[in-house]
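Novice: with the sequence up front, the predicted model follows.
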Amino acid sequence: MTNFEFVFSLLVILLGLALAEVLGGLARTVKRRPRIRIGWGTCLLATWVMTETVIFWEIIWRTRNVIPNDSPALFGGFAITALYYFAAAVVWPDDIERLAPPDEYFMAEKGKAIGAILAAVALSFVLRAAAMGLASWQAIPWYAWGSLAVIYVAGPLAALTKRRDVAIACLALLVLVDLLDPIETIIWPG
């Protein structure tokens, strides 16, 4: 087993569970339609949590040749993936009936999910140099820096605002930026 396989096996379990958590909440909600309506905020938050989780999965795959198999890498990776799982777990209420009226739960809990994703992204950048060395900063393309700037402007605004329309607009922008990631990678490979 390679160093990467050792560390990756722990991290992908949590990331897979995070995706299953969001998709499971969506499935439980859809099964109760039309009695329960799903609002835009909840849909966009669920989508952003999933796209961020998938992008992080891709990022850790890129570290496969340099990731160490030591305790700092395991605990650092665990902390990041645990934040992704936490964000996924709070997107949908345990009691689906609480979703009526739409987005009431979203407005009450969005800050926790968004804050967890923002913390995971920040922690992954802080630990990046530890796992890959200081030269890893040069490997980040310009569009990734632009995406990061959007995340840290729109993310906190969405998390802290009391206005649902502002939160929804910010989340729509965040989802759009994440969905542009594959296009950016095709246009500017490497």
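Specialist: Looks like it arrived, so ask away. Numbers count the residues shown, from 1 in each chain.

Novice: use CA for all of it now, contacts and neighbours both
Specialist: OK.

Novice: any idea how far Ile96 lies from Ala89?
Specialist: 13 Å (C-alpha to C-alpha, to the nearest Å).

Novice: give me the number of residues near Ile36?
Specialist: Number of residues near Ile36 (other C-alpha atoms under 10 Å) recorded here: 17.

Novice: and it, which of the three is it?
Specialist: Classification of Ile36 by DSSP: H, G, I helix; E, B strand; the rest coil places it in coil.

Novice: which pLDDT value does the model give it?
Specialist: Per-residue confidence (pLDDT) for Ile36: 80.

Novice: distance check, it against Ser147.
Specialist: Going from Ile36 to Ser147 by C-alpha to C-alpha gives 34 Å.

Novice: who touches stretch 158-178?
Specialist: 40-41, 44-45, 47-48, 51-52, 55, 107, 110-112, 114-115, 147, 150-151, 154-155, 157 (C-alpha atoms under 8 Å, 6 or more residues apart in numbering).

Novice: model confidence at the residue nearest the centre of the chain, what's the number?
Specialist: The C-alpha lying nearest the average C-alpha coordinate of the chain belongs to Glu52 (C-alpha atoms, centre = their mean; 3.2 Å). On the pLDDT scale, Glu52 is placed at 96.

Novice: ok, it - contacts?
Specialist: With contact set as C-alpha under 8 Å, 6+ apart, Glu52 has these partners: Ile117, Asp178.

Novice: that one is in what secondary structure piece?
Specialist: According to DSSP states H and E, Glu52 maps onto helix 40-62.

Novice: can you list the low-confidence ranges for the chain?
Specialist: In the predicted model, the chain carries pLDDT under 70 at residues 98-102, 131-133, 135-136, 139, 189-190.

Novice: quick one, which of Ile96 and Ala89 is more surrounded?
Specialist: Neighbours were tallied for Ile96 and for Ala89 using other C-alpha under 10 Å; the higher tally belongs to Ala89 (20 against 15).

Novice: so the more buried one sits right up against Ala20, yeah?
Specialist: No: using C-alpha atoms under 8 Å, Ala89 makes no contact with Ala20, being 9.5 Å away.

Novice: stretch 33-46: end-to-end distance?
Specialist: End-to-end distance for stretch 33-46, by C-alpha to C-alpha: 17 Å.

Novice: same deal with stretch 85-103?
Specialist: Taking C-alpha to C-alpha, stretch 85-103 runs 21 Å from one end to the other.

Novice: next, the buried residues of that stretch.
Specialist: The neighbour-count check on stretch 85-103 (16 or more other C-alpha atoms under 10 Å) flags Tyr85, Phe86, Ala87, Ala88, Ala89, Val90, Val91, Trp92, Leu99, Pro102, Asp103 as buried.

Novice: fine by me, we can end here.
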